[in-house]
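# Sequence plus the predicted model coming up.
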Amino acid sequence: MKNIFKVLLLSIILVTIASCDNEDTVQLTLAPQGSGVITEPAQGTTIVLNPEETQINPALTINWTSSNYGTPTEITYTVEVAATGTNFEEPYVAASTINRYVSFNIGELNGIAVSAGLSPFVEGELDIRLKSSVGTTGSQEQISETVIIFVTPFTTDLPKIAVPGNHQGWDPASAQTLAASAFGETDYEGYVWLDGQFKFIAPNETGGFFWGNLDWGDASGVDGSNTGVLVADGEGNVEVGTGYHFVQADTEALTYSATPISWGVIGNATPTGWDSDTDMIYDAESRTLKLTIDLTQQDAPDNGIKFRANDGWDLNLGDSGADGTMEEGGENIGVPSAGNYTVTLDLSNPREYTYSLVKND
């Protein structure tokens, strides 16, 4: 009798295992039966992005209905964005989610719009579409209808022009640049080591500097002439002596200048105090000015060092806020402890100047 019960129990277990195996091998048939529909934003929505506003403030929410695959399953949604008229040839993937919504703040939407090809401070059209798929391989793809919105993005990058010339082999792509004071302005300036003749050149639509772009030279049309006036046609090369220069160019007023300039370190932390400065040396490889000097400990802002141009006080740089960035007429720079230092002044990034004090062992 016991054996009969054992056999019966074993049979039940085997049947149960077989049933579970059969359940595990059940295959669900999925078939695309309708893409999700974007319900927000509405067609023709207009958004003007403001660089002065807090960048984490909300700017755009996209909602959509569920795509239909004939049976309940987890769906992955990809939000694609492209400039209107490009037919999503190179779409920007703005998000990928299993939810049926996604939100972007001001900074995020601005990045999306610029990446999609919209020009800063100009209203442009963006196409938004939804791509749905299932499974880990992204199969059974469905694409929604397109919604068009109008977005005005911005940029915080300063416009730039390059200064190719004899000093760097006349290669626009590697030339040092000048920067304008703000987007839309044409008052370019910067510091460049020059050696003979040079020109000014604008970037192309992708920001690259190449011959064939718009360029300017001296209005005389004669190489080596310096009238201080720019022209874009029939121009001559500008020419200066070898050395570090403060270069300015206004491509609207069509004026330019290149002023020889030397920089030194001055202050009561230096061996000569506030009476005279110690000249810095240009390092061509790093495009910075360097100086190795013994400094005494001095606390800012009343004491320390400053950078001074052309042995005078008309132009001097300090560090207001002790954050490593320079301001014209800024506060003195403190020296934390006495010792031998390598002092570096980096003016290679126009209008965003920095420095460093590194104590030598």
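Cool, got the structure. Numbering: from 1, shown residues only.

# for the stretch 1-150 of the chain, what spans make up the strands?
38-40, 46-48, 58-64, 75-83, 92-97, 101-105, 124-134, 139-143, 147-152 (DSSP state E, counting those that start in this stretch).

# closest one to Asn268 among these?
Asn268 sits nearest to strand 101-105 of all the strands of the stretch 1-150 of the chain, at 47.7 Å, using Cβ to Cβ. For the C-beta atoms, the positions are set from N, CA and C on the backbone; glycine is no exception.

# is Leu60 in a bridge, and if so with what?
Phe104 (DSSP bridges).

# What is the neighbour count of it?
Per other Cβ atoms under 10 Å, the neighbour tally for Leu60 reads 23.

# Val48 is in contact with that one, correct?
No - using Cβ atoms under 8 Å, Leu60 is not in contact with Val48; the gap is 11.9 Å.

# May I see the strands of the stretch 1-150 of the chain organised as CSV, with distance to Tyr256 added?
Formatted as CSV, those follow (distance: least, Cβ to Cβ, whole Å):
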stretch, distance to Tyr256
strand 38-40, 51
strand 46-48, 35
strand 58-64, 40
strand 75-83, 35
strand 92-97, 38
strand 101-105, 41
strand 124-134, 33
strand 139-143, 52
strand 147-152, 32
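
# weakest of these in terms of mean pLDDT?
When the strands of the stretch 1-150 of the chain are compared by mean pLDDT, strand 139-143 comes last with a mean of 88.

# Quickly run through the sheet partners of that one, with directions.
strand 124-134 (antiparallel).

# What residues sit buried inside the partner strand?
Residues Gly124, Leu126, Asp127, Ile128, Arg129, Leu130, Lys131, Ser132, Ser133, Val134 are the ones in strand 124-134 that count as buried (16 or more other Cβ atoms under 10 Å).

# wait, which of those residues is closest to Ile261?
For the buried residues of strand 124-134, the nearest to Ile261 is Gly124 (41.2 Å; Cβ to Cβ).

# what sits against the nearest residue to the closest one once chain neighbours are set aside?
Take Gly124 and drop its neighbours on the chain: the residue closest to it by Cβ to Cβ, 6 or more residues apart in numbering is Leu118, 3.7 Å away. Contacts for Leu118 (Cβ atoms under 8 Å, 6 or more residues apart in numbering) come out as Ala83, Gly124, Leu126, Val151, Pro153.

# Over to Leu118: give its phi and psi.
Torsion angles at Leu118 (phi, psi; degrees, to the nearest 10) stand at phi -80, psi 150.

# State the distance from it to Asn349.
26 Å (Cβ to Cβ, to the nearest Å).

# likewise Ala82?
33 Å.

# now do Trp64
43 Å.

# Tell me which of the two has more neighbours.
Comparing Trp64 with Asn349 by other Cβ under 10 Å, the one with more neighbours is Trp64, at 22 against 15.

# Give the closest residue to that one in space, chain neighbours not counted.
Nearest one to Trp64, counting by Cβ to Cβ, 6+ apart, is Gly36 at 4.3 Å.

# State the distance from that neighbour to Glu145.
Taken as Cβ to Cβ, the span from Gly36 to Glu145 is 10 Å.

# Then Leu291?
On the measure of Cβ to Cβ, Leu291 and Glu145 end up 64 Å apart.

# Who has more neighbours out of those two?
Higher neighbour count among Leu291 and Glu145: Leu291, with 19 against 11, using other Cβ under 10 Å.

# so the more buried one, which of the three states?
strand (DSSP: H, G, I helix; E, B strand; the rest coil).

# got a list of what it touches?
Val265, Thr278, Asp279, Met280, Ile281, Thr342, Val343.

# residue ranges for the helices of this protein, please.
2-24, 106-115 (DSSP state H).

# List the buried residues for the shortest one?
Translated: helix 106-115. Applying 16+ other Cβ under 10 Å to helix 106-115 flags Ile106, Gly107, Glu108, Leu109, Asn110, Ile112, Ala113, Val114 as buried.

# tell me what that helix is packed against?
strand 58-64, strand 92-97, strand 124-134 (3 or more Cβ pairs under 8 Å, 6 or more residues apart in numbering; DSSP states H and E).

# Alpha carbons only: can I get it in PDB?
Extracted in PDB, the C-alpha atoms of helix 106-115 (Å, rounded to 0.1, in the frame of the first residue of the first chain):
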ATOM      1  CA  ILE A 106      15.400  75.000 -20.100                       C
ATOM      2  CA  GLY A 107      19.000  73.900 -20.300                       C
ATOM      3  CA  GLU A 108      18.200  70.400 -21.600                       C
ATOM      4  CA  LEU A 109      15.800  71.700 -24.300                       C
ATOM      5  CA  ASN A 110      18.300  74.300 -25.400                       C
ATOM      6  CA  GLY A 111      20.900  71.600 -25.800                       C
ATOM      7  CA  ILE A 112      18.500  69.500 -27.800                       C
ATOM      8  CA  ALA A 113      17.500  72.400 -30.100                       C
ATOM      9  CA  VAL A 114      21.100  73.400 -30.800                       C
ATOM     10  CA  SER A 115      22.200  69.800 -31.300                       C
END
